[in-house]
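>>> Let me see the structure of the following:
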Amino acid sequence: MNEAETRAEHIDPALAVAGWGVVEGSRIRREYPITLGRIEGHGKRGKALTADYVLEYRNTKLAVIEAKAWGKELTEGVGQAKDYAGKLAIRFTYASNGQGIYGIDMEMGAEGELAQYPTPEELWKLTFATQNTWRDRFAAVPFEDRGGFFQGRYYQDIAIERVLEAIADHRQRILLTLATGTGKTFIAFQIAWKLFHSRWNLTDWSFDRLRTSGEPIRRPRILFLADRNILADQAFNAFSAFSEDALVRIAPEDIRKKGKVPKNGSIFFTIFQTFMSGPDSSFPRMRESSSDVTGLDSRIRGNDVVEGIGQSNFGAYFGEYPPDFFDFIVIDECHRGGANDESNWRGILDYFAPAVQLGLTATPKRQDNIDTYAYFGEPVFIYSLKDGINDGFLTPFRVKQIATTLDDYVYTPDDTLVEGEIEAGKRYEEADFNRIIEIREREKKRVEILLAQIDPLEKTLVFCANQAHALVIRDLINQLKASADPNYCQRVTADDGALGEQHLRDFQDNEKSIPTILTTSQKLSTGVDARNVRNIVLLRPVNSMIEFKQIIGRGTRLYDGKDYFTIYDFVKAHHHFSDPEWDGEPLELESAVRQAHHERDDDSVRPERVEAREPAAEYQKRQKIKVTLADGKARTIQHMTATSFWHPDGTPMSAQQFMEALFGQLPTFFQDEDELRALWSAPDTRGKLLEGLAEKGFGKDQLA
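Sure, this is the predicted structure:
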């Protein structure tokens with residue numbers, strides 16, 4: 001009797017006897033997909049994880065079952081059962097061959113044979129020994145699945161459940177840390193959906209009124225707070241399953257037109273800058289900025305805002321709401337200032353202190369975002385970039401390291417000083433270029449190198465030193481491009497305003513191919529959902545690990561036919577992969593040089609620490625040095641390109657390590673050349689060999 005027959009004739013009837021699929025609210029999810037399998041290239045993926053059964057009750061996953069054929073040992077599937085339960089964060093898991101049931105309690109470590117499966121209600125009480133009214137109300141609300149058309153990913157379900165569990169336990173500050181591209185806005189939507197339909201609100205929650213009154217008095221008022229309009233707009237659109245009259249986009253022009261802030265609604269969306277503006281606000285005039293991610297003059301600190309709460313809130317719009325108006329606040333990209341002790345926006349969060357506040361971030365705890373973790377506490381759930389790539393929910397990447405013979409510069413008298421004052425004998429390095437000194441021939445050479453390597457039809461983001469540099473690179477790309485379209489490359493920065501936003505929307509539209517390349521500085525480093533980005537180009541140092549991960553995240557989103565994306569690194573930012581703050585401890589990083597026009601010591605190009613904030617071009621006080629190279633020097637600029645190799649867990653490896661790992665593992669699949677030939681000659685054994693290699697991290701793309 002094979003596995004399918006065992007399941008149909010023995011396991012399914014046993015589950016029915018226990019009430020699964022029979023008792024109201026119970027459900028059996030067969031062939032439940034957990035992961036997609038890591039993308040390997042050429043349309044192939046690594047092995048996906050699929051559970052034979054997932055048992056649900058009250059819209060909550062309670063158990064996993066791993067089935068094996070009748071003739072297999074009872075405990076044959078225990079390893080998989082434990083693996084799947086661990087992945088899904090489920091306490092109880094079972095293995096069965098149809099002849100018996102072997103149960104495991106993942107929390108207590110107890111395991112052994114069982115006479116029968118527990119009923120749905122028994123399993124619920126085993127999982128949730130303590131009664132909690134709000135937990136039960138949250139569980140009664142199904143996930144919004146678009147009429148059964150859409151299913152959330154396993155880690156998204158866990159994140160949602162962890163947040164709701166924290167709320168049910170009366171926790172007021174909650175943090176989720178998930179890599180860029182893993183669906184944080186979707187998670188926020190599902191949480192809001194359950195809070196809204198369960199009628200959770202601060203009044204009933206704070207005073208525990210459900211114990212006596214039985215039913216909540218009202219639905220919650222929820223605020224989604226971002227620091228960029230594009231993020232607030234994306235969230236507003238993502239919440240479209242709510243009725244139109246429930247959603248409110250708070251915008252300054254609407255407030256000015258109506259003379260008051262909107263209060264009729266349930267789900268509100270706005271940005272910090274809007275809340276801190278107002279006709280009588282004493283805060284400086286502000287605009288949404290790509291360069292100063294704190295949004296306001298640095299002289300106005302968080303403590304000033306807090307002190308000002310008693311002073312009519314400086315006339316800011318947020319002060320027109322009572323402090324307890326919002327029951328639940330979602331702070332998107334919360335590491336960018338909202339929770340910082342000296343943030344310009346911290347006062348808003350302090351003003352709305354009664355609300356339960358959920359911070360969303362893509363950045364694990366680091367020295368430069370420690371205030372975020374101090375404010376919200378440790379995250380209730382973490383899902384890293386490495387997890388996403390290995391599960392197949394994020395696109396893997398390769399890195400092209402590019403160095404030239406003009407990565408640094410010392411002025412010589414045969415060059416022409418066009419503007420500014422040059423320091424004789426000073427070595428200008430990467431951090432100085434396009435901030436202190438500009439050499440147009442250098443930028444042109446880099447653009448020529450880039451255009452020679454990328455597919456001209458692939459969507460590409462180019463990160464530049466500042467807005468002025470982004471303008472220079474845009475013009476050079478358009479001058480040197482093969483395309484005949486005048487809009488092939490566009491700049492999107494704060495200075496480009498509404499036109500830049502339109503260019504970005506066109507770039508994000510997967511049905512449009514123009515613009516194909518966008519140049520930017522800070523504005524597109526986070527929060528831009530463009531799924532078909534194939535190339536990330538770094539023409540400026542990236543010294544913050546937080547920003548580095550955000551920039552990498554611009555390319556990780558899945559798209560049909562997208563096997564990987566490529567990072568073109570002109571500034572040695574790839575050293576971040578060898579940093580302990582990346583998703584793994586550092587390994588020795590070596591490069592396999594595929595093309596070398598000029599040999600030079602790798603240490604000769606040194607990334608410098610620079611201020612991450614980019615001052616807008618019009619505020620630069622010091623005159624930039626502009627140099628024209630002597631005749632013939634531009635033609636002698638040479639470059640080399642190197643490619644990095646990566647372990648299956650996302651950490652870097654050398655070419656030597658790659659070969660050692662490969663040939664060190666091959667003998668586990670065959671003993672000698674004759675056996676290899678025999679395996680390879682038969683399609684079925686050849687397939688098993690290739691599958692085994694893929695599971696070890698060497699699929700077709702890696703072997704090629």
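>>> which regions of the stretch 51-200 of the chain lie under the pLDDT threshold?
Low-confidence regions of the stretch 51-200 of the chain, defined by pLDDT under 70, span residues 147-149.
>>> Please identify the buried residues of the helix or strand hosting Ala403?
Secondary-structure element containing Ala403, defined by DSSP states H and E: strand 397-404. Buried residues in strand 397-404, counting neighbours by 16 or more other Cβ atoms under 10 Å, are found at Phe397, Val399, Lys400, Gln401, Ile402, Ala403, Thr404. For the C-beta atoms, the positions are set from N, CA and C on the backbone; glycine is no exception.
>>> wait, which of these is closest to Asp509?
For the buried residues of strand 397-404, the minimum distance to Asp509 (Cβ to Cβ) is 23.0 Å, reached by Phe397.
>>> Could you point out the helix or strand that follows the helix or strand harbouring Glu121?
Secondary structure here is read from DSSP H and E; on that basis Glu121 sits in helix 120-127. Tracing the chain past helix 120-127, the next element assigned as helix or strand by DSSP H and E is helix 133-139.
>>> Can you dump the C-alpha atoms of that next one in PDB for me?
Extracted in PDB, the C-alpha atoms of helix 133-139 (Å, rounded to 0.1, in the frame of the first residue of the first chain):
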ATOM      1  CA  THR A 133     -11.200  36.400  25.600                       C
ATOM      2  CA  TRP A 134      -9.400  38.600  23.100                       C
ATOM      3  CA  ARG A 135      -7.300  35.700  21.700                       C
ATOM      4  CA  ASP A 136     -10.500  33.800  21.100                       C
ATOM      5  CA  ARG A 137     -12.200  36.800  19.400                       C
ATOM      6  CA  PHE A 138      -9.100  37.300  17.200                       C
ATOM      7  CA  ALA A 139      -9.100  33.600  16.200                       C
END
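>>> hmm, who's touching that helix?
Contacts made with helix 133-139 from outside it, assessed by Cβ atoms under 8 Å, 6 or more residues apart in numbering, are listed as 58-60, 128, 164-165, 167-168, 194-195, 198-200, 205, 210-211.
>>> mind listing the strands in the stretch 201-350 of the chain by residue range?
Using DSSP state E, counting those that start in this stretch, the strands assigned to the stretch 201-350 of the chain run over residues 222-226, 247-249, 267-271, 328-331.
>>> Need those in JSON lines (columns: mean neighbour count and distance to Asp350).
Compiled in JSON lines, the strands of the stretch 201-350 of the chain are given as follows (neighbours: other Cβ atoms under 10 Å; distance: least, Cβ to Cβ, whole Å):
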{"stretch": "strand 222-226", "mean neighbour count": "27", "distance to Asp350": "13"}
{"stretch": "strand 247-249", "mean neighbour count": "19", "distance to Asp350": "23"}
{"stretch": "strand 267-271", "mean neighbour count": "25", "distance to Asp350": "17"}
{"stretch": "strand 328-331", "mean neighbour count": "26", "distance to Asp350": "12"}
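>>> TSV for these, including mean pLDDT and distance to Leu679?
Output for the strands of the stretch 201-350 of the chain, formatted as TSV (pLDDT from 0 to 100; distance: least, Cβ to Cβ, whole Å):
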stretch	mean pLDDT	distance to Leu679
strand 222-226	92	55
strand 247-249	92	59
strand 267-271	91	58
strand 328-331	93	54
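>>> Low-confidence regions, the stretch 501-650 of the chain specifically.
Ranges of the stretch 501-650 of the chain meeting pLDDT under 70: 524-528, 574, 576-622, 631-650.
>>> What segments of it are strands?
So, for the stretch 501-650 of the chain - with DSSP E, counting those that start in this stretch - the strands run 517-520, 533-538, 565-569, 592-596, 625-628, 639-643, 645-646.
>>> Wait, Tyr488 touches Thr519, no?
No: counting by Cβ atoms under 8 Å, Tyr488 does not reach Thr519; the two are 11.5 Å apart.
>>> Now for the two: what residues contact both?
Listed contacts common to Tyr488 and Thr519 are Ile477; contacts here mean Cβ under 8 Å, 6+ apart.
>>> between the two, which one's more packed in?
Higher neighbour count among Tyr488 and Thr519: Thr519, with 28 against 18, using other Cβ atoms under 10 Å.
>>> list the contacts for the more buried one?
Under the criterion of Cβ under 8 Å, 6+ apart, the neighbours of Thr519 are Val462, Cys464, Ala470, Leu471, Ile473, Arg474, Ile477, Cys489, Gln490, Arg491, Val492.
>>> Point out where the stretch 351-500 of the chain drops to low pLDDT.
Confidence mapping of the stretch 351-500 of the chain against pLDDT under 70 gives the ranges 364-370.
>>> at 80 what do you get?
By pLDDT under 80, the weakly predicted segments of the stretch 351-500 of the chain are 363-373, 396-398, 404-407, 411, 414-415.
>>> ranges for the strands of it?
If DSSP E, counting those that start in this stretch is used as the criterion, the strands of the stretch 351-500 of the chain fall at 356-361, 381-383, 397-404, 409-410, 416-419, 427-428, 437-439, 459-463, 489-491.
>>> would a markdown table of those strands with distance to Gly79 be doable?
Written out in a markdown table, the entries for the strands of the stretch 351-500 of the chain read as follows (distance: least, Cβ to Cβ, whole Å):
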| stretch | distance to Gly79 |
| --- | --- |
| strand 356-361 | 34 |
| strand 381-383 | 23 |
| strand 397-404 | 31 |
| strand 409-410 | 59 |
| strand 416-419 | 68 |
| strand 427-428 | 58 |
| strand 437-439 | 60 |
| strand 459-463 | 42 |
| strand 489-491 | 52 |
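>>> Determine which of those strands approaches Asn532 most closely.
Ranking those by distance to Asn532, with Cβ to Cβ as the measure, places strand 459-463 first at 5.3 Å.
>>> between that closest one and strand 565-569, how many degrees?
Calculated by axes from the mean of the first three to the mean of the last three Cα atoms, to 10 degrees, strand 459-463 forms an angle of 30 degrees with strand 565-569.
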